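K.L.:
next one to model:
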Amino acid sequence: MAETSARLLLLLSLFQSRREWPGAVLAERLEVSPRTVRRDVARLRQLGYPVRVGKGPGGAYRLDAGAKIPPLLFDDEQAVAVAVALQTAPSTVAGIGEAAARALAAVRQVMPSRLRQRVDAVRVTSIDNAWDLAAPPVASQVLLALGTAVRNSEVLVFDYATGPAGREPALVAPPDRRPETAEASAPPSSPRVEPHHLVVWSGRWYLVAWDLERSGWRTFRVDRITPHAPTGVRFTPRELPGADVTAFVVGQHDRGDTPGQWPCHGEVILDLPASVVARWAPGGAVVEEIAPDRCRLALGAWSWTGLAALTGTFACDIEVLGPPELKAACAELARRYAAAAAGRPAG
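P.N.:
Below is the predicted model:
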């Protein structure tokens with residue numbers, strides 16, 4: 001009886017990892033005869049698990065959705081993955097911290113002692129790092145609405161803010177005005193799109209979609225999206241350029257980013273293609289193509305010196321557009337680097 005019970009649990013575990021299994025493969029994995037597999041499947045059906053079998057001698061077994069949830073069976077690597085995911089998810093998704101902690105406690109409670117020790121060994125504390133330039137966490141309800149539209153291939157309409165709190169930070173301060181006194185941006189737009197992918201990159205959530213109004217692909221910042229009610233309008237998914245969503249998002253120089261509410265933000269011109277700068281620019285940077293080999297880069301940082309240092313990481317000629325504080329910081333860094341190259345103290 002113990003051997004049979006263990007085999008049934010293993011059979012359920014296999015069904016969790018793959019939706020459909022040929023009978024011969026299951027027999028080989030369980031190290032039993034095809035006849036024993038048929039008996040075990042019959043036992044699962046008696047327990048309420050809707051297992052279906054295809055017609056013919058080599059029919060495949062399939063576990064359909066039903067009223068009962070199979071027991072969660074984790075190996076060591078899966079247990080660690082679940083523990084890390086539940087502890088780090090609140091850093092990019094707002095409002096799920098308590099739910100994630102309760103989920104981790106529930107999963108831990110039903111684990112055997114050996115796996116529980118593995119989970120307890122992975123205690124994670126997320127701390128904001130100024131170098132990350134991460135976006136604000138997104139609302140779980142927004143992710144659910146967008147994910148549902150992507151899964152159902154349903155046209156999506158939403159309000160889209162051009163910057164934090166509907167304001168666009170000043171990229172370059174006029175000579176008589178500080179950056180923090182920027183004019184309010186245009187009202188939020190209401191794009192109508194065909195959503196294709198949800199992507200997380202550099203601590204930011206993006207929606208890749210076909211804009212029906214502009215007839216082109218766009219990338220939207222999820223933390224600036226407020227979905228409308230479902231439209232119920234279905235569409236046939238299009239082929240993404242290059243068929244690689246990672247390359248598409250990373251290579252986009254317009255991802256809806258802005259420098260954010262940093263104490264310092266400025267703008268420079270770099271002698272590099274926009275696609276290259278966009279790939280390596282920190283999260284929140286705004287890249288605008290000027291010519292095939294030139295682009296405008298706007299970004300924010302925690303200090304003027306830090307901002308000047310970030311612009312220098314691209315190893316190309318730089319033209320500072322402003323503000324004056326950024327030009328002064330570049331001069332200060334130039335003095336320090338020249339002293340370091342000459343082997344003398346900067347002071």
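
K.L.:
show the contacting residues for Gly59.
P.N.:
When contacts are counted by C-beta atoms under 8 Å, 6 or more residues apart in numbering, Gly59 touches 22-23, 53. All C-beta atoms are positioned from the backbone trio N, CA, C, and that covers glycine.

K.L.:
dump these to a markdown table, plus distance to Leu146, neighbour count and pLDDT.
P.N.:
Below are the contacts of Gly59 laid out as a markdown table (distance: C-beta to C-beta, whole Å; neighbours: other C-beta atoms under 10 Å; pLDDT from 0 to 100):
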| residue | distance to Leu146 | neighbour count | pLDDT |
| --- | --- | --- | --- |
| Pro22 | 36 | 13 | 87 |
| Gly23 | 40 | 20 | 85 |
| Val53 | 37 | 13 | 81 |
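
K.L.:
among those, which one sits closest to Leu10?
P.N.:
Here the nearest of the contacts of Gly59 to Leu10, counting by C-beta to C-beta, is Gly23; it sits at 15.3 Å.

K.L.:
and the closest one, what is it in contact with?
P.N.:
Contact partners of Gly23, counting by C-beta under 8 Å, 6+ apart, are 34, 37-38, 53, 58-61.

K.L.:
buried only: go through those for me.
P.N.:
37, 60-61 (16 or more other C-beta atoms under 10 Å).

K.L.:
quick one: which of these is nearest Val107?
P.N.:
When the buried ones among the contacts of Gly23 are compared against Val107 (criterion: C-beta to C-beta), the nearest one is Tyr61, at 26.8 Å.

K.L.:
what is the neighbour count of Arg39?
P.N.:
By other C-beta atoms under 10 Å, 13 other residues sit near Arg39.

K.L.:
quick check: which element contains it?
P.N.:
Using DSSP states H and E, Arg39 maps to helix 34-46.

K.L.:
next helix or strand past that helix?
P.N.:
With DSSP H and E, the next secondary element past helix 34-46 is strand 51-53.

K.L.:
what helices and strands are in contact with that next one?
P.N.:
helix 34-46, strand 60-63 (3 or more C-beta pairs under 8 Å, 6 or more residues apart in numbering; DSSP states H and E).

K.L.:
out of the ones you listed, nearest to Val200?
P.N.:
The closest of the helices and strands packed on strand 51-53 to Val200 is strand 60-63. By C-beta to C-beta, the value is 29.8 Å.
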